[in-house]
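Engineer: my questions concern the predicted model and sequence given below.
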Amino acid sequence: MEARAQLRYARISPRKVSIVLDLIRNKPADVAMAILKHTPKAACESLEKLLKSAIANAENNHNMDVSKLYVAECSVSQGPTLKRIRPRAQGRAYRIEKKTSNVTLVLKEKE
């Protein structure tokens, strides 16, 4: 039995998100929540919200025990890139790529 939650099109680079995901992988849900609360990274705010959502899914949809939950899988992939243009000297234009992320979080119960 597993509970999953997805965050799609988050306006943060997947590379920045994966650093934080490595901190919480295979940790109990309450420990992962504490790590996210006290880590000064941009991705933590949205990942904390995603973890809360996954815990709520586990509790309400699958009748799982919240105290036994742990982060079984967490992955990030790149979403669509927003392309913007920055004016430069002598009429040139440089492209700015604003990357987005799709994050998946899976919680399972410890036996």
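Structural biologist: Nice, thanks for sending it over.

Engineer: contacts only, for residue 74.
Structural biologist: Neighbour list for residue 74: 21, 24-25, 103-106 [criterion: CB atoms under 8 Å, 6 or more residues apart in numbering]. C-betas here are computed from N, CA, C, even on glycine.

Engineer: distance check, residue 104 against residue 51.
Structural biologist: 12 Å (CB to CB, to the nearest Å).

Engineer: and these two? Which one has more around it.
Structural biologist: Legend: neighbour count by other CB atoms under 10 Å for residue 104 and residue 51, higher for residue 51 (23 against 17).

Engineer: that one against residue 30, yeah?
Structural biologist: No: the criterion here is CB atoms under 8 Å, and residue 51 misses it with residue 30 at 10.0 Å.

Engineer: what's the first helix or strand after the lengthiest helix in the chain?
Structural biologist: Among the segments of the chain that qualify as a helix by DSSP state H, the longest is helix 44-61. Using DSSP states H and E, the next helix or strand after helix 44-61 towards the C-terminus is strand 69-78.

Engineer: can you pull the buried residues of that following strand?
Structural biologist: Burial within strand 69-78, assessed by neighbour count using 16 or more other CB atoms under 10 Å, is assigned to 69-72, 74, 76.

Engineer: repeat that for stretch 23-34.
Structural biologist: Judged by neighbour count using 16+ other CB under 10 Å, the buried positions of stretch 23-34 are 24, 28-29, 32-33.

Engineer: out of those, which comes closest to residue 61?
Structural biologist: Nearest to residue 61 among those: residue 29, at 15.3 Å, using CB to CB.

Engineer: tell me the contacts of the nearest residue to that closest one once chain neighbours are set aside?
Structural biologist: Excluding the flanking residues, the one nearest residue 29 by CB to CB, 6 or more residues apart in numbering is residue 69, at 4.0 Å. Neighbouring residues of residue 69 by CB under 8 Å, 6+ apart: 3, 28-29, 55, 58, 107-110.
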